[in-house]
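Student: pasted the sequence and its predicted model underneath.
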Amino acid sequence: MNLKIKFSKLPSSLQNLIKVVCECAQRSNFKVYLVGGIVRDLILEKPNFDLDIVVEGDALKFSEVLSEYLGVGFRRHHSFGTATVFSSPYRIDLATARKEFYFKKGALPKVEPSNLFDDLKRRDFTINSLALSLNKSNFFKLIDYFGGFSDLKKKVIRVLHKDSFLEDPTRILRAIRFKERFNFKFSYSTYKYLKEAVRAEALGWVSFHRLRDELKLLLEEEEPFRMIKALNRITGLYFLGIEPLEKEDYSLLRKVKKAINWYKENFPHKRELDEWIIYLMALFRKVPLKKMKNIIDKFGFRRGDRIRLITSKKVKVLDKLSKNIAPSRVYKILESFSFEVIIFFYSLTDSKLAKNNIQNFLGKFNQMRLAIRGKDLENLGIKPQAIYGKILKRIFNKKLNGKIISKEEELKEARRFL
Ligand code: CTP
């Protein structure tokens with residue numbers, strides 16, 4: 001089957017880039033193929049900016065030629081014969097066609113160079129095992145050794161062989177992710193193999209870092225709530241130290257979703273949230289701090305993520321925020337928390353006052369600044385410089401509380417410290 005019609009539907013920037021790859025392969029005598037997610041998404045007509053290319057031969061050499069051809073940079077990776085060429089907004093990942101050998105369950109496989117067939121055969125699901133030729137003689141011919149095209153049409157997730165989940169248990173999470181993302185079904189046997197792998201506790205064989213990355217990808221999907229529901233139903237969350245979810249957990253997750261939407265609607269110019277971590281905070285809600293710390297350290301979350309997860313346990317601040325308190329107090333309570341934690345608190349509380357205080361913090365107090373600086377205090381002759389921080393803080397609190405507004409008033413206030 002030839003997918004030239006699909007090719008003509010691609011944005012022209014992507015068409016041009018693919019043509020260049022094809023041209024370059026022809027000139028340098030390499031056999032290259034578009035593979036994996038991009039082929040799947042191209043057939044589903046969903047945008048994808050990550051091009052995975054398999055090269056029969058040395059992908060590093062081809063990357064060098066291609067990056068020169070495009071006049072852009074490229075980066076070699078440590079892992080076997082792989083490199084990335086950046087051609088904004090696209091990212092081209094190139095890999096030498098390879099065969100994989102699994103020696104130990106859950107561990108990374110040994111690899112050796114091979115051909116396209118072997119490279120597709122080692123993949124997770126039929127829908128991800130499709131390739132498109134980028135060679136002049138059969139440009140955009142679909143290569144479908146395992147029935148991926150028909151599964152895409154039938155909306156089915158199917159593994160290529162029965163040991164797929166045992167060899168690479170992260171595929172359990174990937175299967176759930178793709179199923180929920182596309183609203184597909186598992187084939188009968190795929191679901192059976194998946195459940196067998198879950199029962200064998202295969203998720204426990206994988207390194208925590210790989211699990212963490214897959215979990216993050218799940219929570220970064222467009223509908224994390226849906227992903228979590230499926231995860232809870234299919235694998236359970238024990239691998240995360242979390243008990244099966246109950247009604248109240250779902251209710252909190254729904255509130256998280258609402259709070260994130262509220263943030264996006266009300267503060268469109270503020271920075272984008274790392275939404276995934278707010279969902280994770282909700283999942284860890286009932287896990288005691290000490291246990292959660294052990295889990296996140298085991299999984300090796302990044303320092304910033306670790307801090308956000310830990311501070312999300314300081315829910316006591318909600319008691320303080322649920323009172324009628326001065327803006328300067330609201331500021332003091334919330335200033336050290338990251339926005340993700342604040343949004344988590346917002347979803348946790350039912351108090352109107354707390355919600356209002358958070359709204360004011362995000363909408364007003366957080367962007368308030370003094371017009372005067374230390375230099376102005378120096379010009380006024382205030383000494384010593386060591387107390388400038390304290391003085392400015394006091395003036396700032398008055399400003400937060402609406403007692404002073406203009407720069408003049410700030411200076412007047414500063415003079416009182418003379
Ligand atoms: N792959 C696999 N087994 C894994 C991970 C990846 O077989 N455990 C293969 C799949 O063929 C997949 C390709 O490697 O299509 C690229 O992996 P990745 O970029 O993670 O997946 P995409 O399919 O591109 O998914 P996404 O749309 O989420 O980026």
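Tutor: Sure, I can see it.
Student: residue contacts, Lys121?
Tutor: Shown in contact with Lys121 (Cβ atoms under 8 Å, 6 or more residues apart in numbering): Lys99, Ser129, Tyr145, Phe146, Leu160. For every residue, glycine as well, the C-beta is placed using N, CA and C.
Student: what separation do you get for it and the ligand?
Tutor: Using Cβ to the nearest ligand atom, to the nearest Å, Lys121 is found at 10 Å from the ligand.
Student: repeat that for Arg308.
Tutor: For Arg308 relative to the ligand (Cβ to the nearest ligand atom), the value is 24 Å.
Student: from the chain's centroid, how far away is the strand or helix carrying that residue?
Tutor: Per DSSP states H and E, Arg308 falls inside helix 303-311. Averaging C-alpha positions (Cα atoms, centre = their mean, to the nearest Å) puts helix 303-311 16 Å from its chain's average.
Student: heading C-terminal from the regular element (helix or strand) spanning Val20, find the next helix or strand.
Tutor: Per DSSP H and E: Val20 is located in helix 12-28. From helix 12-28 onward toward the C-terminus, using DSSP H and E, the following helix or strand is strand 31-35.
Student: do that following strand and the ligand come into contact?
Tutor: No - contact of strand 31-35 with the ligand (Cβ under 6 Å from any ligand atom) is absent, the minimum separation being 6.9 Å.
Student: hmm, Phe139 and Leu34 touching each other?
Tutor: No - Leu34 is not in contact with Phe139 according to Cβ atoms under 8 Å; the separation is 10.7 Å.
Student: so for those two, which residue has more residues nearby?
Tutor: Leu34 (22 against 17; other Cβ atoms under 10 Å).
Student: with adjacent residues omitted, what lies nearest to the more buried one?
Tutor: Leaving out its chain neighbours, the residue that sits closest to Leu34 by Cβ to Cβ, 6 or more residues apart in numbering is Leu132, at 4.3 Å.
Student: which residues touch that neighbour?
Tutor: Counted by Cβ under 8 Å, 6+ apart, Leu132 has contacts Leu3, Tyr33, Leu34, Val35, Val39, Leu42, Phe140, Lys141, Leu142, Ile143.
Student: could you point out which element follows the helix or strand harbouring it?
Tutor: Element membership of Leu132, judged by DSSP H and E, is strand 131-133. Sequence order places strand 142-143 as the next helix or strand after strand 131-133, per DSSP H and E.
Student: wait, what's in contact with the residue in the stretch 201-350 of the chain positioned nearest to the ligand?
Tutor: Residue nearest to the ligand within the stretch 201-350 of the chain: Leu217 (6.5 Å; Cβ to the nearest ligand atom). By Cβ under 8 Å, 6+ apart, Leu217 lies in contact with Leu173, Arg177.
Student: buried sites along the strand or helix carrying it?
Tutor: Leu217 belongs to helix 208-219 when assigned by DSSP H and E. Buried residues in helix 208-219, counted by 16 or more other Cβ atoms under 10 Å: Phe208, Arg210, Leu211, Arg212, Glu214, Leu215, Lys216, Leu218, Leu219.
Student: didn't Phe186 look like it was pressed against Lys154?
Tutor: No - Phe186 lies out of contact with Lys154 (Cβ under 8 Å); the separation is 11.8 Å.
Student: between the two, which has more neighbouring residues?
Tutor: Set side by side, Phe186 and Lys154 show more neighbours around Phe186, with 21 against 13, by other Cβ under 10 Å.
Student: can you tell me the SS state at Val55?
Tutor: Put simply, Val55 is strand when judged by DSSP: H, G, I helix; E, B strand; the rest coil.
Student: pLDDT at it, what is it?
Tutor: Note for Val55: predicted pLDDT of 95.
Student: swap in Leu370?
Tutor: 94.
Student: got it, and the one 3 residues further on?
Tutor: At Arg373 the predicted local confidence, pLDDT, stands at 92.
Student: burial count for it?
Tutor: Using other Cβ under 10 Å, Arg373 is surrounded by 12 other residues.
Student: nearest to the ligand: which residue in this structure?
Tutor: Nearest to the ligand, among the residues of the chain, is Gly37, at 2.4 Å (Cβ to the nearest ligand atom).
Student: what about that residue, distance to Arg181?
Tutor: 11 Å (Cβ to Cβ, to the nearest Å).
Student: residue ranges of the helices in the stretch 201-350 of the chain, please?
Tutor: 208-219, 224-234, 247-266, 275-283, 289-299, 303-311, 317-321, 327-334, 339-348 (DSSP state H, counting those that start in this stretch).
Student: point out the most buried one among these.
Tutor: Among those, the stretch with the highest mean neighbour count (mean count of other Cβ atoms under 10 Å) is helix 275-283, at a mean of 24.
Student: that one close to the ligand?
Tutor: No - contact of helix 275-283 with the ligand is not found when judged by Cβ under 6 Å from any ligand atom; the minimum separation is 13.7 Å.
Student: which bits of the stretch 1-150 of the chain sit near the ligand?
Tutor: Gly36, Gly37, Asp50, Asp52, Arg123, Asp124, Asn128.
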